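Asks: pasted the sequence and its predicted model underneath.
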Amino acid sequence: MVDFARVQKELQECNRDFGVSGIKVIPKNEANLTQLLGTIPGPLGTPYEGGTFNIDINLPDGYPFEPPKMKFATKVWHPNISSQSGAICLDILKDQWSPALTLKTALLSVQALLSAPEPDDPQDAVVAQQYLREYQTYVGTARYWTEAFAKASSLNVEEKVQKLVEMGFPEALVRSALESVGGDENLALEKLCSG
Amino acid sequence: MSKRVLCKFFAQGACLKGERCEFSHDWKAPPNNICTYYQKGVCTYGSRCRYEHVKVSQSQASPSSSSLNPPFSTESLPGTATHGSAEHSTSSAPFSPPPRPAWGENSGHNNVRETDDGVGYLRSVGPADQSICPFAAAGDCPRGDKCPHIHGDPCPTCGKHCLHPFRPEEREEHMKTCEKRRKHLEALRHSQEIECSVCLERVLSKATPAERKFGILSECDHSFCISCIRNWRSSSLTSGLDVNSALRACPICRKLSYFVIPSVIWYCSKEEKQDIVDSYKTKLRSIDCKHFDFGNGNCPFGTSCFYKHTVKPGSFLWNATLYPDLYGSEFRDIVEVESSSDTSDMNGSQALAEHFYSSHIPIDNEELENFSDEDLNNIMAEVLALFPTLLDDDDDDNNYSSDE
């Protein structure tokens, strides 16, 4: 039986310091606390920067004595995360689980995994190959996937172009800059500013 | 001071505190049959009370002098008026001879007289023989400076005037127990704040009393409630995690601990932890090991078991030690018994029962001849009862940590 008192506490605790960690866990459905949705921000300084990744969390009956089942709901390009299913290869979600870990600490570990891929122990062999052989391509693809899947859909490319044009850059230049940085608005702005 | 009084529970043969009991477990100690309610003023049972109704100062007042000033005025102790005089209470006492009251060790001194000012101060006995005023010792004496008894010195810990000025051992004992109690209370208060890192609740605020207990790990100092840590350590069946590397490790620091100590208080220092561990082990050592089963079973922990391994006369191990020729091979030849004898129509347990019969019970030809079906059934039942303990090897630390 899932310890719902603990889950409730964890949710409160986690959402209380959302401002610091940027990590959020909400129940998908108020009546059922075993189906949760976690969100983590892409770590700064990585191709995932700026993205917001959704993670499906499913609490097994034995929680917290069994690890929560987590997988990415947002598509992500990472050697240890399946680009197809979103399955995560992380020891603490398997045999290294401990009941002293919480949903928040587990999500923090997933976030850390984003910034420190382990290509030697891959979940997605294709990504891992690319990471090892053509690192730049990997970075580009990862950034593009972040841009395409992990950013708020309300802010599409046209809006970004519009925004940058309003700042006084020529539209053609804006488009090429956005394309070259994989669609990241801030990086494009940097590129435009640096000429 | 209370160590001089016979423990009521011990007298009934049912004191659970054992050595730690603050009352005496020596049959020579005087029993305490004095009604404390009467002494405080009001006993609702009146003459039906099964304890003795003796006044506080009665022991020091000789029968002849009791007609003098009663030691307690009716204004200060209204209950004495309804309970009658000292003589009456003595005669109404149900027990004879009346045991010496706890607070009056010198009741035998009938030759002493109260002094003229009404203060029952006993000159003929040394100061160490006089007992101190129980009212002052309890916190407040209504007679204050006029009290006929010695008022004890205030205890630095509890603040009550209960330290006998002339009995150093008693003072020491009181101070020791008082200090211990204070430490215990402090530890208890401190323990209230401690949370379990698994259920994230305060351990001592959990719903059921059985859950309000810490599970202390032998090798590290992380706090858990006993139910959470035991759940985790026994969850290998459901989660498929490795017992030795994952489950026996502390959920926080992952240090391996081979046993869990249940405790109602959390410790502040290494010494306190050691005390808890030691008293737990001492307690377990007095309990018979269920696996060992008095020499009939097989304890997977062997000599390092925390529980008591007593070999009962007539048990398997007893016989095996006495007659090594007959019992030397222990259980190894069960297989032989099963394979050598033609057991095609006999199931395993029957074969085992026969084996047990031959190995367990001293063989005597007469007995063998009298061997009946009924006997076989009895032995079968015995074997089946033994079986779970014989095969029960995976039950790792449940044995250690089974609830008291």
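Replies: Thanks, I have the structure now.
Asks: ok, which stretches of chain A are helices?
Replies: Using DSSP state H, the helices of chain A run over residues A:4-16, A:18-21, A:103-115, A:125-133, A:135-149, A:157-166, A:171-180, A:185-194.
Asks: and the fourth one, how far out from the chain's middle?
Replies: Averaging C-alpha positions (CA atoms, centre = their mean, to the nearest Å) puts helix A:125-133 19 Å from its chain's average.
Asks: hmm, who's touching that helix?
Replies: With contact meaning CB atoms under 8 Å, 6 or more residues apart in numbering or on different chains, helix A:125-133 is reached by A:77-79, A:81, A:83, A:117, A:119-120, A:122, A:137-138, A:141. Quick note: C-beta positions are derived from backbone N, CA and C, even for glycine.
Asks: what do you get for stretch A:41-55?
Replies: Contact partners of stretch A:41-55, identified using CB under 8 Å, 6+ apart, comprise A:22-23, A:37-40, A:70-74, A:76-78, A:107, A:110-112, A:114-115, A:138-140, A:142-143, A:146-147, A:149-152, A:182, A:184-186.
Asks: now the buried members of these.
Replies: Burial by neighbour count, 16 or more other CB atoms under 10 Å in any protein chain shown: within these this picks out A:23, A:38-40, A:70, A:72-74, A:76-78, A:107, A:110-111, A:114, A:138-140, A:142-143, A:146-147, A:149-151, A:182, A:184-185.
Asks: my read: A:Pro117 touches A:Ile88, true?
Replies: No: here A:Pro117 lies out of contact with A:Ile88, judged by CB atoms under 8 Å, at a distance of 11.9 Å.
Asks: which of the two has more neighbours?
Replies: A:Ile88 (22 against 19; other CB atoms under 10 Å in any protein chain shown).
Asks: contacts only, for the more buried one.
Replies: Shown in contact with A:Ile88 (CB under 8 Å, 6+ apart): A:70-72, A:80-81, A:110, A:113, A:123.
Asks: who touches both of A:Pro117 and A:Ile88?
Replies: Residues within reach of A:Pro117 and of A:Ile88 at once, by CB under 8 Å, 6+ apart, are A:Asn80.
Asks: just confirm B:Asp288 contacts B:Thr310, I think it does.
Replies: Yes: using CB under 8 Å, B:Asp288 is in contact with B:Thr310, at 5.9 Å.
Asks: which one of the contacts of A:Ile88 sits closest to chain B?
Replies: Distances from chain B to the contacts of A:Ile88, taken as CB to the nearest CB, are shortest for A:Met70 (15.6 Å).
Asks: what does chain A have sitting close to chain B?
Replies: Contacts of chain A with chain B, taken as CB under 8 Å from any CB of the partner chain, map to A:3, A:5-6, A:9-10, A:13, A:62, A:64-67, A:95-101.
Asks: 10 Å instead, please
Replies: A:3, A:5-10, A:13, A:60-62, A:64-67, A:94-102 (CB under 10 Å from any CB of the partner chain).
Asks: if we can go back for a sec, what touches both of B:Asp288 and B:Thr310?
Replies: Listed as contacting both B:Asp288 and B:Thr310 by CB atoms under 10 Å, 6 or more residues apart in numbering or on different chains are B:Phe294.
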